[in-house]
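# The sequence and its predicted three-dimensional model are supplied below.
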Amino acid sequence: MSNIEKKQRDALVKLAKATKTSSTKKVLSAAEKVLALLPDDPDATKCKIIALITSGKYSKAIDCIQNSPHREHFQYEHAYSLFKMQKYAKSFAIAKTLGDSLPVRELIAQLHYRLENFDKAIKGMKSLIKEEKTMERQTNVTACYAAATANDSNHSVPSAVLRRSVNSFENTYNKACIAISQLRYNDALTLINKAVDEFTALLKEEEPDISEEEIEEELSILRVQEGVVQHRIGNFSAARNLYNKAIRFAPDNTGVVAVASNNLIAINGDKDVFNSKHRMKALTVKNIEKKLSQKQLQSAAFNKCLLLLFSNDVKKCRETCAILRTKFPDSKMPDLIDAYSYLRERKVKNKAERLQSIADANPQNEVYSLVLAQEYATKGDHQRTLKSLLKAGSLVYEPSYVGYIVALCNKIGNHNVSSKHIEKAIAYYKSAPEFAGSSEITHVLLQLHGMYKLEREDFDAAVDAFRLLVDGDPEDQEANAALIVALAHVDIDAAEELSASIPPLELEGEDINVDELEEARKIRAQKTGIDIDRLTATATTTTADATDKKKKRRKRPGKKPKVMKAGGPDPERWLPKWQRGANKKKSQSRGKDNRNKKGAVIGSGTQGASDISEAEMKRLDAASRGTKTKSKSANKKAHPKKTKGKGGKGRKKRK
């Protein structure tokens with residue numbers, strides 16, 4: 001054996017030993033040594049590819065496959081590497097050419113799920129369960145149904161899937177997602193809490209020393225889903241807290257942060273625009289489209305456009321709407337935002353008239369007419385509201401719109417338009433191929449039409465409407481009864497004939513015994529202490545007694561306060577005490593007697609003396625005593641001027 005052959009054999013032996021270990025580094029190192037000696041060895045090439053895929057080096061694995069002369073034998077590994085690199089379309093193009101083996105079928109089912117072909121994914125997953133019923137495959141089926149219902153809430157889910165008991169928090173989480181899509185929010189909260197408990201127990205079992213922060217980081221996706229439930233039921237404060245909690249504990253999880261940020265923007269609306277702009281950064285990170293579904297990306301794009309509108313950047317908002325129309329042609333949201341931007345624009349007069357001209361220029365787009373109708377309705381202009389609604393195309397034949405138009409016509413008294421619109425709606429549903437003229441909607445509209453004509457006393461038209469209902473369903477007792485009422489105003493004989501054909505009222509159970517009912521009533525009355533004879537006598541009073549006027553009750557005076565004057569309550573009792581007349585200060589008028597503290601009368605001037613004697617008057621008269629009035633100079637001597645000291649104030653003389 002030559003030296004080269006010995007080296008080759010030793011390299012192959014080392015590779016065989018490395019494959020028996022769990023170290024991908026050893027396998028990769030041993031495979032590279034073999035390929036250095038034997039470049040075309042298929043086993044060494046396969047070992048290297050598997051080691052690279054296990055290590056997560058998918059691009060290097062693809063390079064190794066493409067450079068190998070045995071590349072046709074490694075197409076499954078090539079498709080799987082592309083799948084892990086999230087290049088689903090390229091992976092599917094390779095996988096569908098690989099036959100019908102079990103691994104290939106499983107890969108194709110996963111690719112259908114990632115490409116959002118949920119019905120095909122469900123079908124593929126169910127076929128795999130028939131081969132081998134594992135917990136992972138059952139969970140994947142539930143995940144497919146959860147994604148399908150999130151994309152279309154009307155997607156049917158078998159009851160067996162909801163009843164399936166799989167001991168994994170993932171399956172419980174998927175059931176919660178289905179419940180959210182089906183608007184079963186109480187069930188969703190229960191399932192989310194159960195999933196949180198299961199996942200927490202699993203984490204503590206795998207790692208007993210795990211911290212609460214690490215647990216919350218792992219639970220971030222469940223917290224966001226719980227926030228979605230709170231958001232849907234209108235508990236915005238709790239939803240905001242849950243979204244912020246998920247962002248705080250899992251800032252590196254771009255998918256979780258993006259969904260939570262988008263939902264926070266939705267909660268903010270037009271209130272906190274600055275915070276919404278900050279949150280929008282999470283939706284513009286690199287490769288975010290690989291983390292979110294198409295519906296989530298669509299929601300994020302619409303929120304971004306609305307944020308431009310709330311920021312009053314109307315021009316950029318309209319440019320974004322034009323892009324979104326081409327990107328999401330099945331959605332009416334870009335047209336709705338664009339229409340609302342004309343009402344949101346500042347410094348523009350006659351906004352409604354401007355939007356009216358745009359609606360007239362785009363008659364095929366009913367969104368503009370609907371927004372215009374809402375604008376007129378908020379202003380109370382019912383005539384223009386009706387006019388705009390009637391231009392909304394086939395949308396106005398929806399039952400909800402028909403009901404609104406009828407109510408609007410009744411409000412403004414335009415009954416002819418209301419009647420004609422109901423007739424047009426009936427004709428529309430009869431001619432529509434998808435309804436085939438016998439839908440439940442047609443039945444409801446015919447009933448509405450008949451009742452409306454009956455209220456307007458157009459009995460002939462009401463008879464025609466109810467006859468159509470009876471011809472469609474002869475067993476419809478409500479329609480028969482309404483037809484009899486309408487016929488009674490048109491053809492009394494026909495009404496009597498039809499009423500005779502109505503079967504009598506059938507009561508379920510045995511025949512009713514009136515005597516037993518009366519006895520039972522007496523027994524109940526005795527237990528409760530009611531005089532049954534008095535009740536019976538009262539019930540059998542004559543018609544004449546029943547028509548007598550009721551005795552007028554004597555009006556009794558209301559209760560009076562304990563302390564009250566004889567003349568009745570004080571009319572000033574509601575005023576503060578200081579404003580009441582009794583507490584006001586009495587003014588002393590001139591000329592009236594005034595008394596001193598001892599009660600003696602004091603004269604207040606020459607005209608005020610009344611009870612003074614003549615001798616007293618002479619004593620008080622200064623002229624009769626011959627006294628003279630002191631002069632000003634005498635007063636000055638008697639009262640000398642005070643001198644000022646240094647301090648500027650008069651000093652008192654020391655005694």
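Thanks, I have the structure now. Keep in mind that this is a model prediction, so the values were computed, not measured. Residues are numbered from 1 along each chain as shown.

# Nearest residue to Thr172 in space, please, no chain neighbours.
What sits nearest to Thr172 in space, not counting adjacent residues and going by C-beta to C-beta, 6 or more residues apart in numbering, is Ala195, at 4.1 Å. All C-beta atoms are positioned from the backbone trio N, CA, C, and that covers glycine.

# wait, what's in contact with that neighbour?
Counting by C-beta atoms under 8 Å, 6 or more residues apart in numbering, Ala195 touches 169, 172-173, 176, 222.

# So which of these wins on neighbours?
The most neighbours of any of the contacts of Ala195, using other C-beta atoms under 10 Å, belong to Ala176, which has 26 neighbours.

# Identify the residues contacting that one.
187-188, 191-192, 195, 225.

# Closest one to Lys87 out of those, please.
Distance to Lys87, by C-beta to C-beta, is smallest for Gln225 among the contacts of Ala176, at 28.1 Å.

# element containing the closest one?
Using DSSP states H and E, Gln225 sits in helix 220-232.

# can you redo the contacts of Ala195 as JSON lines with distance to Lys7, pLDDT and secondary structure?
Below are those laid out as JSON lines (distance: C-beta to C-beta, whole Å; pLDDT from 0 to 100; DSSP: H, G, I helix; E, B strand; the rest coil):
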{"residue": "Phe169", "distance to Lys7": "52", "pLDDT": "89", "secondary structure": "helix"}
{"residue": "Thr172", "distance to Lys7": "56", "pLDDT": "92", "secondary structure": "helix"}
{"residue": "Tyr173", "distance to Lys7": "54", "pLDDT": "93", "secondary structure": "helix"}
{"residue": "Ala176", "distance to Lys7": "59", "pLDDT": "93", "secondary structure": "helix"}
{"residue": "Leu222", "distance to Lys7": "55", "pLDDT": "94", "secondary structure": "helix"}
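
# got the residues you listed as a markdown table, with distance to Asn263 columns?
Below are the contacts of Ala195 laid out as a markdown table (distance: C-beta to C-beta, whole Å):
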| residue | distance to Asn263 |
| --- | --- |
| Phe169 | 22 |
| Thr172 | 22 |
| Tyr173 | 18 |
| Ala176 | 16 |
| Leu222 | 15 |
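
# Alpha carbons only: can I get stretch 515-523 in CSV?
Output of stretch 515-523 as CSV, limited to C-alpha atoms (Å, rounded to 0.1, in the frame of the first residue of the first chain):
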residue,chain,number,x,y,z
ASP,A,515,-109.7,23.9,37.0
GLU,A,516,-106.2,22.6,37.9
LEU,A,517,-104.7,25.9,37.0
GLU,A,518,-107.2,27.7,39.2
GLU,A,519,-106.5,25.4,42.2
ALA,A,520,-102.8,25.8,41.8
ARG,A,521,-103.3,29.6,41.8
LYS,A,522,-105.2,29.4,45.0
ILE,A,523,-102.5,27.3,46.6
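
# distance between that stretch and the chain's centre?
Stretch 515-523 sits 53 Å away from the centroid of its parent chain (C-alpha atoms, centre = their mean, to the nearest Å).

# If you average the pLDDT over that stretch, what comes out?
Per-residue pLDDT over stretch 515-523 has a mean of 72.

# what do you get for stretch 375-383?
Here the average pLDDT along stretch 375-383 is 85.

# Tell me which residues touch the residue nearest to Asp270 when sequence neighbours are not counted, please.
Spatial nearest neighbour of Asp270, excluding adjacent residues (C-beta to C-beta, 6+ apart): Phe310 at 4.1 Å. Residues in contact with Phe310 (C-beta under 8 Å, 6+ apart) are 269-270, 273, 276.

# Tell me the buried residues in the longest helix along the chain?
Criterion DSSP state H: the longest helix present in the chain is helix 185-206. Neighbour-count burial for helix 185-206, counted by 16 or more other C-beta atoms under 10 Å, picks out 187-189, 191-192, 195-196, 198-200, 203.

# Include pLDDT and distance to Gly255 when you put the residues you listed into CSV, please.
Output for the buried residues of helix 185-206, formatted as CSV (pLDDT from 0 to 100; distance: C-beta to C-beta, whole Å):
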residue, pLDDT, distance to Gly255
Asp187, 93, 25
Ala188, 93, 20
Leu189, 94, 22
Leu191, 93, 21
Ile192, 94, 18
Ala195, 93, 18
Val196, 93, 19
Glu198, 92, 21
Phe199, 92, 17
Thr200, 93, 21
Leu203, 91, 20
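
# my guess is Asn171 contacts Arg164, does it?
Yes - counting by C-beta atoms under 8 Å, Asn171 touches Arg164, with 7.5 Å between them.

# Need the overlap of contacts for the two.
Jointly contacting Asn171 and Arg164 under the rule C-beta under 8 Å, 6+ apart are 138, 142.

# between those two, which one's more packed in?
Taking other C-beta under 10 Å, Asn171 and Arg164 do not tie; Asn171 has more neighbours (25 against 14).

# Can you classify the more buried one by secondary structure?
Three-state assignment for Asn171 (DSSP: H, G, I helix; E, B strand; the rest coil): helix.

# residue contacts, it?
Asn171 neighbours (C-beta under 8 Å, 6+ apart): 135, 138-139, 142, 164.

# now the stretch 351-500 of the chain, which segments are flagged as low pLDDT?
For the stretch 351-500 of the chain, the stretches flagged by pLDDT under 70 are 432-439.

# which stretches of it form helices?
351-361, 366-378, 382-389, 399-412, 415-431, 440-455, 459-472, 477-487, 492-501 (DSSP state H, counting those that start in this stretch).

# Can you pull the phi and psi angles for the spatially most central residue of the chain?
Most central in the chain under C-alpha atoms, centre = their mean is Gly234, positioned 4.5 Å from the mean C-alpha point. Backbone torsions for Gly234, taken as degrees, to the nearest 10, come to phi 90, psi 10.
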